[in-house]
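Asker: Coordinates for the following, if possible.
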Amino acid sequence: MAISEGIAKITYFLFMGILLLNIAQKRSGNKGIQKRTATLYLGIAVLILYLGAGAILHAPRLFRTSVPDLSILAVLGVVLGGLYLHREKTFPFRIKCRKCGSPLSLHQIVMLDSNLCSPCEEESRKTDPQGE
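Answerer: Residues are numbered from 1 along each chain as shown. A predicted model of the protein is given here:
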């Protein structure tokens with residue numbers, strides 16, 4: 001199996017999983033807009049990678065010339081470079097609470113923008129009742 005073929009198969013299912021996660025994040029409402037936008041950006045990046053792998057696989061039919069299989073690495077580099085340049089928007093997911101450093105639950109990591117554990121979030125609500 002060629003590298004591009006394997007990447008095309010993997011990215012298809014990864015893209016579907018990211019879209020399903022994005023739909024699930026809609027339940028958190030205004031508390032998770034940043035993370036929902038981040039999963040949308042990640043989905044677009046995976047889609048670009050999928051389209052690049054598909055173009056390389058079907059280049060003989062599309063462009064009437066073959067493209068080297070390793071050129072998927074250039075597409076991968078461009079996608080990863082774009083994600084790195086915009087990492088504040090594409091990777092807002094934190095594993096530990098930003099105040100006390102305790103581990104966050106999966107729901108807090110993926111759904112809520114505050115990146116705070118439950119006790120710290122309660123404390124934050126008491127000091128600032130209108131939110132951040």
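
Asker: Pull the contacting residues for I72.
Answerer: I72 is in contact with 3-4, 7, 52-53, 56, counting by C-beta atoms under 8 Å, 6 or more residues apart in numbering. (C-beta placed from N, C-alpha, C; glycine too.)

Asker: Determine which two of the residues you listed are furthest apart.
Answerer: I3 and G52 (11.6 Å; C-beta to C-beta).

Asker: quick one: which of the contacts of I72 is nearest to I109?
Answerer: I7 (26.3 Å).

Asker: That closest one is in what secondary structure piece?
Answerer: helix 3-25 (DSSP states H and E).

Asker: then that helix to CSV, C-alphas only?
Answerer: Extracted in CSV, the C-alpha atoms of helix 3-25 (Å, rounded to 0.1, in the frame of the first residue of the first chain):
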residue,chain,number,x,y,z
ILE,A,3,1.8,6.1,1.6
SER,A,4,-0.7,8.4,0.0
GLU,A,5,-3.3,5.6,0.0
GLY,A,6,-2.8,4.9,3.7
ILE,A,7,-3.0,8.6,4.5
ALA,A,8,-6.2,9.0,2.4
LYS,A,9,-7.9,6.1,4.3
ILE,A,10,-6.9,7.3,7.7
THR,A,11,-7.7,11.0,7.1
TYR,A,12,-11.2,10.1,5.8
PHE,A,13,-12.2,8.5,9.1
LEU,A,14,-10.3,11.1,11.1
PHE,A,15,-12.3,13.9,9.3
MET,A,16,-15.6,12.2,10.1
GLY,A,17,-14.6,11.8,13.7
ILE,A,18,-13.6,15.5,14.0
LEU,A,19,-16.9,16.5,12.4
LEU,A,20,-18.9,14.3,14.9
LEU,A,21,-16.9,15.8,17.8
ASN,A,22,-17.7,19.3,16.4
ILE,A,23,-21.4,18.5,16.3
ALA,A,24,-21.2,17.1,19.9
GLN,A,25,-19.5,20.3,21.1
